[in-house]
Structures are given as C-alpha cells and as structure tokens.
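Student: Okay, predicted coordinates and the sequence, questions at the end:
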Amino acid sequence: MRHRVQKKTLDRKAGPRRALLKNLALQLVAYEKIRTTEAKAKVLRPYVERLITKGRTNTLTARRALLRVLPTETAVKKILEELGPRYTQRAGGYLRITKTAPRQGDGARMAVIEFVK
C-alpha cells in the first residue's frame, strides 16, 4: 500500500526515472530553458534547485556532489561558475514554471521551465 507516499513516479521504475531527471537537469542547465510536460517540470524543479543551492559555494565538496548527480563536467562547471554565483543573494526559487498550450499529438499539458533572471 502507498499510504501517504509523496514521491511522483512519472509512470517509470526507479532507474529510468533517475535517468530522465538527470537528462532533463542536464538540458536545463545547458540551455537555461526547456519545454517539457507539466508533470516532469514539477518533479524537475526541486531536483535542480537543490543542485543550484549546492553550486552556490564553489568548493571541491560541492563539485564532487554535483558530479555524482550530473553526467558531464561542463554542466557542473556552469553551475559552479555561472549559475551558483548568480543566485547567492537569493534564498531559493531559482526556477519558474510557465504553463503553455497542450501538446498537439496527445493533448498532454505542457510547460516551460526556466531560470529566474
């Protein structure tokens, strides 16, 4: 039974869900704005905000923690050198989710997730 379980599974097993979040986070860090389904955007927001909070301090510990999560060194470098310092004065809420028109093919609710300037 799943009483009071808060995790969103996105209809995937743990491994594919982790891979999906890693890839979405990588694309979001690289392009700073992506279009995805509303459900995926809502799951991705706290995942990436934790990474940005870790990246606010450019230390070896933070770099290793980010390398454990993100698959490429360029994404880690961008978080530590560009995105982290951008949000040092901000207490949280680094991302914005904007709902857009439904997807043409299946009518899925779509959203744009982007960094707040």
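Tutor: Done, it's in. Numbering: from 1, shown residues only.
Student: Need the pLDDT of residue 6.
Tutor: On pLDDT, residue 6 comes in at 83.
Student: and what of residue 117?
Tutor: Per-residue confidence for residue 117 comes out at a pLDDT of 87.
Student: ditto for residue 79
Tutor: The pLDDT attached to residue 79 in the predicted structure is 97.
Student: so where do the strands sit in the protein?
Tutor: 33-37, 95-99, 110-115 (DSSP state E).
Student: Point out the most buried one among these.
Tutor: strand 110-115 (a mean of 18; mean count of other C-beta atoms under 10 Å). Backbone N, C-alpha and C define where each C-beta goes, glycine included.
Student: Just give the strands next to that strand in its sheet, each with its orientation.
Tutor: With DSSP bridges as the test, strand 110-115 is paired with strand 33-37 (antiparallel), strand 95-99 (antiparallel).
Student: Make a markdown table out of those and add distance to residue 62.
Tutor: Compiled in a markdown table, the strands paired with strand 110-115 are given as follows (distance: least, C-beta to C-beta, whole Å):
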| stretch | distance to residue 62 |
| --- | --- |
| strand 33-37 | 24 |
| strand 95-99 | 19 |
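Student: and those strands as TSV, adding distance to residue 74 and mean pLDDT?
Tutor: As requested, the strands paired with strand 110-115 are exported to TSV (distance: least, C-beta to C-beta, whole Å; pLDDT from 0 to 100):
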stretch	distance to residue 74	mean pLDDT
strand 33-37	16	98
strand 95-99	20	98
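Student: Ok, which of these comes nearest residue 43?
Tutor: For the strands paired with strand 110-115, distance to residue 43 was read as C-beta to C-beta. The smallest value, 9.7 Å, belongs to strand 33-37.
Student: Give me the nearest residue to the one residue sitting closest to the centre of the chain, chain neighbours excluded.
Tutor: Among the residues of the chain, the one closest to the centroid is residue 48, at 3.2 Å (C-alpha atoms, centre = their mean). Of all residues not flanking residue 48 in the chain, residue 25 sits nearest, at 5.2 Å (C-beta to C-beta, 6 or more residues apart in numbering).
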